[in-house]
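# coordinates only, sequence not included:
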């Protein structure tokens, strides 16, 4: 005979509703209880009947996530976190790429709203008004963006950038220049807040390798001894430009990134950067979405960021 949810509840010594929450809304169940339920599910080989569950709950068993650029290595770990947590609840995930176009982003959410139970928006470029409109259309959770009344998961960019500045100043750097990201990006605003006016603002650049390459050319003209990049991709582009022009890092210029993507450890020298808890953010976003689906209120969570010191920063020793 097929294993039922009652069999799972009996062996795990919990109620049927607790089993249901452990599988569909893990954030609402104590971790020890959830793990006990999952162990029983695995041991019994229990498979929730998605079609039956959909008829009973009126839900699709799907959720959507929209990112601005799937080619950016910052986002795959967020997707991994979303998929991991959703998989624990037997939920499927639809991934979409807005290609950094706000109109496309909004249309993707509207299109998916009939096919999913809710949507996670990463680093949205939409206006607050449009986000509020979409949140009225479907349960919505934001990652690295805050809009009043809409659930969100934030990674503390301001604190991370403050740690970067403090690190450079502790090394003796007095003139830093910020290689900024897109002017419309909420994360760029938060990172500028973390600078606390202690770095020269160079301007806005595309948040990619090419943007960093162009930014480094301008930054060299400022006489700064440290380049603070909006993200790791800009920092990698800056490193490439400096290497091609025989500027030694960190002997002549220190360079910092932000995000701690995989390539930050693979470049030469390895990049001093700020670690962002991206996978955890994806998991928390699914938990917040589950709360909304169960009729709970909008919530905001902020996750800490951590400076990771590597070989691209040092005391200022030589002029360019």
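Looks like it arrived, so ask away. In this text the structure is predicted, and so the values were computed from the model without any measurement. Numbering: from 1, shown residues only.

# the strands in this protein, which residues?
Read by DSSP state E, the chain holds these strands, from start to end of the chain: 62-67, 92-97, 119-122, 140-143, 151-155, 176-180, 200-204, 226-229, 254-256, 273-275, 300-303, 306-308.

# mind listing the strands the fifth one pairs with, and their directions?
If I follow you right, that is strand 151-155. Strand 151-155 has the following strand partners under DSSP bridges: strand 140-143 (parallel), strand 300-303 (parallel).

# reformat those as a markdown table; add mean pLDDT, distance to residue 114 and mean neighbour count.
Backbone N, C-alpha and C define where each C-beta goes, glycine included. A markdown table is the format used below for these (pLDDT from 0 to 100; distance: least, Cβ to Cβ, whole Å; neighbours: other Cβ atoms under 10 Å):
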| stretch | mean pLDDT | distance to residue 114 | mean neighbour count |
| --- | --- | --- | --- |
| strand 140-143 | 98 | 15 | 27 |
| strand 300-303 | 97 | 27 | 14 |
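
# in JSON lines, list those strands along with distance to residue 284.
Putting the strands paired with strand 151-155 into JSON lines (distance: least, Cβ to Cβ, whole Å) gives the following:
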{"stretch": "strand 140-143", "distance to residue 284": "9"}
{"stretch": "strand 300-303", "distance to residue 284": "5"}
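
# among those strands, which comes closest to residue 293?
Smallest distance to residue 293 across the strands paired with strand 151-155 (Cβ to Cβ): 10.6 Å, for strand 140-143.

# touching the closest one from outside, list them.
Applying Cβ atoms under 8 Å, 6 or more residues apart in numbering, the set of residues contacting strand 140-143 from outside is 78, 109, 118-124, 131, 134, 150-154, 281-282, 285-286, 288-289, 292.

# how close does residue 267 get to residue 312?
Residue 267 is 8 Å from residue 312, where distance means Cβ to Cβ, to the nearest Å.

# which residues do those two both contact?
Here residue 267 and residue 312 have residue 239 as joint contacts, going by Cβ under 8 Å, 6+ apart.

# just to revisit the earlier point, out of the strands of the chain, which is the most enclosed?
strand 226-229 (a mean of 31; mean count of other Cβ atoms under 10 Å).

# which residues touch residue 198?
165, 169, 176.

# pLDDT value on the second one, please?
In this model, residue 169 is scored at 97, pLDDT.

# not counting its neighbours along the chain, what's nearest it?
Among residues not flanking residue 169 along the chain, residue 198 sits closest, at 7.5 Å (Cβ to Cβ, 6 or more residues apart in numbering).
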